[in-house]
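**Q** Provide a 3D model corresponding to the input given below.
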Amino acid sequence: MKLSRLFSAIGADCPVDTDISTLTCDSKEVIPGALFVAMEGAKTDGRAYIPEALDRGAAAVVCRGPLSEAALPDGVPGAAVDAPRTALALLAAEFYGHPAQRLSLTAVTGTKGKTTTAHMLREIFSAAGYKTGMIGTLGACIGRARIADSPNTTPEPITLHRTLRQMADAGCTHVVMEVSSQAMKLGRVYGLTFDAALFLNLSPDHIGGAEHADFDEYRACKAALFRQCRLAVGNAGDPSWPAMAAQVPQFAPIHTFGFGWGVDVRALSAGPDPERPFSVRLTAQGAPPYHVPMPGIFNAHNALAAVALGRALGLDDGALRAGLAHTVVPGRGERIHVPAPFTVVIDYAHNGDSFTALMGALREYHPRNIIAVFGAGGNRPKIRRTDMGHAAARWADCAVLTADNPRWERVEDICADIAAAIGDAIPVEIVPDRWKAIYRALELAGPGDVVALLGKGHEEYIEENGVRRPFSEREAVRSWFQQQTRPAG
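**A** I've put the predicted structure just below:
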């Protein structure tokens, strides 16, 4: 692509036109002919990496001005911008041919439930006959086939537009995206217009450090998404919804959902499904009950949001029903089918609130015992492991404490902190090796029990001493059952 075309996208002059081979903001990824965008990080100024980028063959540079401070050699064109992050978003859209213009984009935002609700919408759009892509915490998918992992809930602009290009070329017509507050703060979706934006809820999170200064900033970043939508759907029962709705463009319709009066889609009832184990049933005004094969009233709330958005878009109720009935989210209340008279559930719960939500949901199905297998992340605030211990003491019948991304801490020390929080409330065993801990929990399980593997969820690794080693809870469960059926001798 010609540099003049890229510079035009950010309103910059191009004194020396040249062919651009790739676009990058990482100096280590520069190849000859690349356009290097010098980004500003939390601790570093990307302009410090311009010499390295030039040594690697960068053909042009974009950075925060003035351009004289970049000290570019003669003949190397550069563009000075006020906001490198938004410039990068515009450049990425141009470089990949504006794929979003060929796609109907739906954004899902909120503190909790984004991943599950995005999966529900992906299934609903697919059931309606649309080839659908999804981008979020669990990576990028076309249909149910994963095409890429992502270190961020919402990818950085280059990855995002490259993924949208891949989806458009594959014939997708719809894409569901989880959009985080960090994505809005850092301009990752700058320049995109969403055909629909969905607000779930807001509670204090992601505050402090390099994330958000306070709750007001967190809410403002969430609300900014709604300036970029053609239709908004929101949870009328959440106190932060008015702040979201206030940002919606005047021409854009607004739809609401909730359990109270005065909403467009009102839930009449939600709770455990009496016809299906470890599932929930939602009844919304104007339709027979919807069934969702995941436990927890919070999943009924997510389903209500998905139904409200589907109705706002005019989708057939049959598609809503079929999509919800086939929604399974890896590592989110995921039931692993095992040849045993007990149940195994894998969930990403990794703090006190999520422990309480998940195990409280499991209690609704009246298990004989809940055997919780979990640890806590190392080099993180100790209050998190204390909260998990208190929640386990309240909701579980037995705990097997083990590794969960100990990072640079000793697993035994982390488990000791959790055990101290549990006290004598329930029996506790410490098995530092997570594979062996899962084996131990399965040995303890009897008819009617639930073995809850908590903390890892979709993650397929354990991070320890700076290394991520592969680890699969599903493989551990499968291996244990294989051993039980293997002939002796």
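
**Q** tell me the SS of Glu318?
**A** To be clear, residue 318 is Gly; Glu isn't right here. Following DSSP: H, G, I helix; E, B strand; the rest coil, we place Gly318 in the helix state.

**Q** so, low pLDDT: which residues of the stretch 201-350 of the chain?
**A** Applying pLDDT under 70 to the stretch 201-350 of the chain flags the ranges 205-211.

**Q** quick one: the strands in it, in order.
**A** 232-235, 254-258, 265-272, 280-284, 290-292, 334-336, 343-347 (DSSP state E, counting those that start in this stretch).

**Q** doesn't Met39 make contact with Leu88?
**A** Yes - at 6.8 Å, Leu88 counts as touching Met39 under the criterion of CB atoms under 8 Å. For glycine as for every other residue, the C-beta is placed from the backbone atoms N, C-alpha and C.

**Q** higher neighbour count, the two?
**A** Leu88 (27 against 21; other CB atoms under 10 Å).

**Q** helices or strands up against the helix or strand the more buried one falls within?
**A** Using DSSP states H and E, Leu88 maps to helix 84-95. Using 3 or more CB pairs under 8 Å, 6 or more residues apart in numbering; DSSP states H and E, the elements in contact with helix 84-95 are helix 3-9, strand 22-24, strand 34-37, strand 60-64, helix 157-169.

**Q** wait, which of those is closest to Ile336?
**A** Across the helices and strands packed on helix 84-95, Ile336 has its closest neighbour in helix 157-169 (29.2 Å, CB to CB).

**Q** what is the mean pLDDT for the helix or strand that the closest one is followed by?
**A** With elements assigned by DSSP H and E, the helix or strand that comes after helix 157-169 is strand 174-178. Model confidence over strand 174-178 averages 98 on the pLDDT scale.

**Q** after strand 174-178, next one along is what?
**A** The helix or strand immediately downstream of strand 174-178 is helix 181-185, counting by DSSP H and E.

**Q** any idea how far that following helix is from the chain center?
**A** With CA atoms, centre = their mean, to the nearest Å as the basis, helix 181-185 stands 13 Å off its chain's centre.

**Q** neighbours around Ala196, how many?
**A** Neighbour tally, Ala196, other CB under 10 Å: 24.

**Q** so what sits opposite it in the bridge?
**A** Counting by DSSP bridges, Ala196 forms beta bridges with Thr106.

**Q** what's the pLDDT at it?
**A** Taking Ala196 on its own, its pLDDT is 98.

**Q** for it, give me its contacts.
**A** When contacts are counted by CB atoms under 8 Å, 6 or more residues apart in numbering, Ala196 touches Leu105, Thr106, Ala107, Cys229, Arg230, Leu231, Ala232, Val233, Leu309, Ala312, Leu313.

**Q** from those, pick the one nearest Ser126.
**A** Comparing the contacts of Ala196 against Ser126 with CB to CB places Thr106 closest, at 12.8 Å.

**Q** pLDDT wise, what is that closest one at?
**A** Thr106 is given a pLDDT of 98.

**Q** related to what we said a few turns ago, out of the contacts of Ala196, what pair is the most spread apart?
**A** The largest separation in the contacts of Ala196, counting by CB to CB, is between Leu105 and Ala312 at 14.8 Å.

**Q** more neighbours: these two, which one.
**A** With neighbours defined as other CB under 10 Å, Leu105 and Ala312 compare such that Leu105 has more, 24 against 20.

**Q** my guess is that one contacts Asp195. True?
**A** Yes - assessed by CB under 8 Å, Leu105 is found in contact with Asp195 at 5.8 Å.

**Q** would you tell me which one of the strands of the stretch 201-350 of the chain is buried the most?
**A** Of all those, strand 232-235 has the most neighbours on average by mean count of other CB atoms under 10 Å, namely a mean of 27.

**Q** show me the contact partners of it.
**A** Strand 232-235 has contacts (CB under 8 Å, 6+ apart) with 110, 196-201, 226, 241, 244-245, 248, 252-258, 305, 308-309, 312.

**Q** before we move on, back to that, pick the one among the contacts of Ala196 closest to Pro274.
**A** Looking across the contacts of Ala196 and measuring by CB to CB, the closest to Pro274 is Leu309, at 26.9 Å.

**Q** mind giving me the domain split of this protein?
**A** Following automatic domain parsing, one gets these domains for the chain: 3-95, 99-325, 334-485.

**Q** residues touching His350, list them.
**A** The contact partners of His350, taken as CB under 8 Å, 6+ apart, are Ala376, Gly377, Arg384, Met388, Asp404, Leu454, Gly455, Gly457.

**Q** show me the two of these that sit farthest apart.
**A** Pairwise distances across the contacts of His350 peak at 15.4 Å for Arg384 and Gly457 (criterion: CB to CB).

**Q** what about the nearest residue to Pro288 once chain neighbours are set aside, neighbour count?
**A** Spatial nearest neighbour of Pro288, chain neighbours left out: Arg321 (8.0 Å); criterion: CB to CB, 6 or more residues apart in numbering. For Arg321, the neighbour count with other CB under 10 Å is 19.

**Q** that older thread, shared neighbours of Leu88 and Met39, anything?
**A** Each of Cys25 lies in contact with both Leu88 and Met39 under the rule CB under 8 Å, 6+ apart.

**Q** hmm, back to that, a markdown table for the helices and strands packed on helix 84-95, including distance to Ser150?
**A** As requested, those are exported to a markdown table (distance: least, CB to CB, whole Å):
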| stretch | distance to Ser150 |
| --- | --- |
| helix 3-9 | 24 |
| strand 22-24 | 17 |
| strand 34-37 | 20 |
| strand 60-64 | 24 |
| helix 157-169 | 7 |
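
**Q** of all these, which lies closest to Cys141?
**A** Using CB to CB as the criterion, the shortest distance between Cys141 and the helices and strands packed on helix 84-95 is 9.3 Å, found for helix 157-169.

**Q** distance of the nearest residue to Arg5 once chain neighbours are set aside relative to Ala87?
**A** Closest residue to Arg5 apart from its sequence neighbours, by CB to CB, 6+ apart: Glu94 at 6.6 Å. Distance, Glu94 to Ala87, by CB to CB, to the nearest Å: 11 Å.

**Q** which of those two has more residues huddled nearby?
**A** Regarding Glu94 and Ala87, a neighbour count based on other CB under 10 Å identifies Ala87 as having more, with 25 against 19.

**Q** the more buried one contacts Ala93, doesn't it?
**A** No - between Ala87 and Ala93 there is no contact under CB under 8 Å: 10.9 Å.

**Q** residues in contact with the host helix or strand of Ala399?
**A** Take DSSP H and E as the rule and Ala399 turns out to sit in strand 398-401. With contacts defined as CB under 8 Å, 6+ apart, strand 398-401 is touched by 369-375, 392, 415, 418-419, 422, 426-431, 437, 440-441, 444.

**Q** for Ala145, list each beta-bridge partner.
**A** Applying DSSP bridges to Ala145 yields these beta-bridge partners: Ile142.

**Q** for it, give me the pLDDT.
**A** 94.

**Q** distance of it from Val345?
**A** Using CB to CB, one obtains 25 Å as the distance from Ala145 to Val345.

**Q** ditto for Ser472
**A** According to CB to CB, Ser472 stands 16 Å off from Val345.

**Q** who wins on neighbours among the contacts of His350?
**A** Counting neighbours by other CB under 10 Å, Met388 comes out on top of the contacts of His350 with 31 neighbours.

**Q** that residue contacts Gly377, doesn't it?
**A** No - Met388 is beyond contact range of Gly377, at 10.2 Å (criterion: CB under 8 Å).
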